[in-house]
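> Output the structure for:
(2 chains)
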Amino acid sequence: MHPIQQLFQSIVSVTKDLYGQDLTEAELPLAPTRKEFEGDYTLVTFPLTRIARKSPDQIAEEIGNSLMSGYPDLVADVNVIKGFLNIGLSTRVWVSFLESLSRDGLPVFPRLDEKILVEYSSPNTNKPLHLGHIRNILLGWSMSRIFERTGYEAIRVQVINDRGIAICKSMLAWELYGDGATPESSGVKGDHLVGEYYVRFESEFKKEYAEWQSTADAEQRWKRYQAEAEKEKAISREDFFKGYKNAYFNEISPLGAKAREMLVKWEQGDAEVRGTWSMMNDWVYKGFHATYDALGVSFHKSYYESNTYLLGRDLVEDGLSRGVFYRQDDGSVWIDLTDEGLDRKILLRSDGTSVYMTQDLGTAKDRYEDYHANRMIYVVADEQNYHFQVLFAIMKKLGMPFADGMVHLSYGMVELPTGKMKSREGTVVDADDLIREVISEARSSAEERGDGDDIPAEEQERIYQQVGLAALKYHIIKVNPKKRMIFDPKESVDLQGHTGPYIQNAYVRIQSIFRKAGRPATEADLTGYDLAEGEKELLLLLSEYRQHILQAAEQYDPSHVANYAYAVAKAFHKFYHDFSVLRAESELAREVRLHLAAVTASILKDAMELIGIEMPDRM
RNA sequence: GGUCCCAUAGCUCAAUGGAUAGAGCAACUGCCUUCUAAGCAGUAGGUUACAGGUUCGAGUCCUGUUGGGAUCACCA
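The predicted structure is shown next:
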């Protein structure tokens, strides 16, 4: 049993004797003692004043004395400072706890008969993945691993937005200017190639729009606006045309007309359009797959919007018949959520076509029928908070059985030190570029240092990948998901300090010790060893692993695991500096330290695995 | 304008309502004939945006203010 559990039980029993009350964990705040005081755990006695009708100091004294006399094997010393009871556990307890940690391995969680579906990534097929996707992917992957670790079954899915006007733009530009280029003929990765045509479309469209602005037609529209606009609100000619872009695309632009025509043909199932569409999407999927591989993530299932975009219409009928939705005179269908503090929301346009919300309703039901998950988690940026609020509210109104298990894991957008990423300004950080960059940074850093010259080239390359990706992934995952994040590319390739490689390095040092020791930690009897302060500090931290995993699972926040792993690595580095393992002053000390090192390594490896980071044996 | 989120050291981030708010980076100073120096130790850096309130105790909870962000389409 964990020492804190033993202590907790003894305090419960002592307070029952003293004050005649059964107290729960919440009523007995027990926390690790701060560094500047003597002790392992601290009991805050203020909450007990009402029950005991005594001063905090008196209570602390009483509990402390009872613990000392009643549990001499467990409690070694106590001291009271301003109502805080600091309790030092006996070194025997700690040593035998180390033995059990070493013997039992990592924290075990009971298998739960509960499924959690996690949706993440959800890319569009007209562009390659970028930094924003990376944060999304790492969060989703990490949460799914944490769920698996804590006893759930996790289902990983992505939704691929493979249809719509955007991909038509890429297709059109490819047909007009592509000259039959393929990833093979051009040597460009498929998703990037398709992205290039999307950009090409936008720039051709921009040119077309600029030219049109000097025509008589454009001038006339500008004049008409000026005549109609209220004087105070009138905007400049430049601003007017900035805002007119959509209208131009939909009503006037020849390029826009062609793209929309393509969309219509796609919906009609036109063979030629569908052919180009699936060919180009296949290029993109190959490209995505390579990026996912590089990031070390995967999915159980991919949902394609082209298969699901018509879903949800039957739910609208159902909702209408039950009076949850209503039909307006023009034929459009709505739901009124004003009683929930939300707005009115459209579900079917007057022409009968559906909107995103309708589709999402249908997809959720579809997914539920596929997996019957108890919880469905959407990892989606916080710009869609309102969308999900509405989506979940509608599901509840429709009485869907899974409505209560819906969760939006909302994360803040990733920004650069120079501001937001904008594709139009070319400031989007490409995922593949970034991955390549961090790996090459790891390579040059190692070469500069001359480390691992004796390692075969192939393994070296593998290590550079592990180290580079650790830097990138850790840099992103250590931040609380809810917070908007400033991503400085310079810092993301840092290999020192509060970084992934720092944690890997602690692990690597341990592997090196065991290589030299020539054997694993044995099942030797460690009793009788008196732990030094630095050794106990590490052990106490190791004992906290379980609660940090649970916290991450409960709060949907992998950064807890990341920051915990750093704390462990830091404590180990200090331990490593202060104590010699192989040249320990006694056989017993050597054995104890081997155990400490072994437990540290397995916790570090496990924790990092939960956030998608691999540990090299050497670096 | 309505709703939601955020504000902590120069910068990037931590801190189950508990004691004197911690790390890393950047700056400066030490430590490799000893298990990997991608390390360790030290110096310096704070009115936790502001004002009230709740509490034995508030960076944390409540109210208001300011600043920043998001969102409120017959867009996706």
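
> State the distance from the nearest residue to A:D336 once chain neighbours are set aside to A:V324.
Counting by C-beta to C-beta, 6 or more residues apart in numbering, the nearest residue to A:D336 once its immediate chain neighbours are dropped is A:R344, at 5.3 Å. In short, each C-beta sits where N, CA and C put it, glycine included. Remark: distance between A:R344 and A:V324 (C-beta to C-beta, to the nearest Å) = 13 Å.

> who's more crowded, these two?
Taking other C-beta atoms under 10 Å, A:R344 and A:V324 do not tie; A:V324 has more neighbours (17 against 11).

> so which helix or strand takes in that one?
Here A:V324 is covered by no helix or strand, with elements defined by DSSP states H and E.

> and the residue lying closest to A:Y303 once chain neighbours are set aside, helix, strand or coil?
Among residues not flanking A:Y303 along the chain, A:V159 sits closest, at 4.8 Å (C-beta to C-beta, 6+ apart). Secondary structure, DSSP: H, G, I helix; E, B strand; the rest coil: A:V159 is strand.

> mind checking how far A:V159 is from RNA strand B?
11 Å (C-beta to the nearest atom of the strand, to the nearest Å).

> And for A:R424?
14 Å.

> Share the number of residues neighbouring that residue, please.
By other C-beta under 10 Å, neighbour count at A:R424 equals 10.

> hang on, it in a strand?
No - using three-state DSSP, the assignment for A:R424 is helix, not a strand.

> Break chain A into its domains for me.
A:3-89, A:164-276, A:491-610 (automatic domain parsing).

> Kindly reformat these as CSV and extend each row with mean neighbour count.
Formatted as CSV, the domains of chain A follow (neighbours: other C-beta atoms under 10 Å):
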stretch, mean neighbour count
domain A:3-89, 17
domain A:164-276, 15
domain A:491-610, 19
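
> secondary structure element for A:L526?
Per DSSP H and E, there is no helix or strand for A:L526.

> Return the residues in contact with it.
A:V95, A:S96, A:L98, A:E99, A:L588, A:E591, A:V592, A:H595 (C-beta atoms under 8 Å, 6 or more residues apart in numbering).

> Local confidence estimate at it?
For A:L526, the pLDDT comes out at 91.

> Next, work out how far apart it and A:F392 are.
53 Å.

> Check the contacts of A:L526 against A:K396 and report the nearest one.
A:L98 (49.6 Å; C-beta to C-beta).

> Secondary structure element holding that closest one?
helix A:91-104.

> which residues are in contact with the next helix or strand after that helix?
Where DSSP H and E defines the elements, the next helix or strand beyond helix A:91-104 is strand A:115-119. Contact partners of strand A:115-119, identified using C-beta under 8 Å, 6+ apart, comprise A:140, A:143-144, A:147, A:152-159, A:367, A:371-380.

> Separate out the buried members of those residues.
A:140, A:143-144, A:147, A:152-159, A:367, A:371, A:373-380 (16 or more other C-beta atoms under 10 Å).

> Select from these every entry located in strands.
A:153-159, A:375-380 (DSSP state E).

> Correct me if wrong, but A:S440 is in a strand.
No - applying three-state DSSP, one finds A:S440 to be helix, outside a strand.

> What about the residue nearest to it when sequence neighbours are not counted, how many residues nearby?
Among residues not flanking A:S440 along the chain, A:G468 sits closest, at 7.3 Å (C-beta to C-beta, 6+ apart). Counted with other C-beta under 10 Å, residues neighbouring A:G468 total 27.

> And the pLDDT at A:G468?
97.

> pretty sure it is in a helix, no?
Yes - the assignment for A:G468 (three-state DSSP) places it in a helix.

> contacting residues for it?
Contacts of A:G468 by C-beta under 8 Å, 6+ apart are A:I435, A:V438, A:I439, A:S440, A:E441, A:A442, A:R443, A:V493.

> quick check, nearest of those residues to RNA strand B?
A:A442 (5.1 Å; C-beta to the nearest atom of the strand).

> is it true that that closest one touches A:Q460?
No - at 10.3 Å, A:A442 does not count as touching A:Q460 under the criterion of C-beta atoms under 8 Å.

> Neighbour count: the two, which is higher?
A:A442 (24 against 19).

> how close does the more buried one sit to A:D451?
In terms of C-beta to C-beta, A:A442 sits 11 Å off from A:D451.

> and if you look at A:D330?
70 Å.

> Please say which of these two ends up with more neighbours.
A:D451 (15 against 8).

> give the contact list for that one.
Contacts of A:D451 by C-beta under 8 Å, 6+ apart are A:M619.

> Which pLDDT value does the model give it?
73.

> What of A:I235?
For A:I235, pLDDT reads 73.
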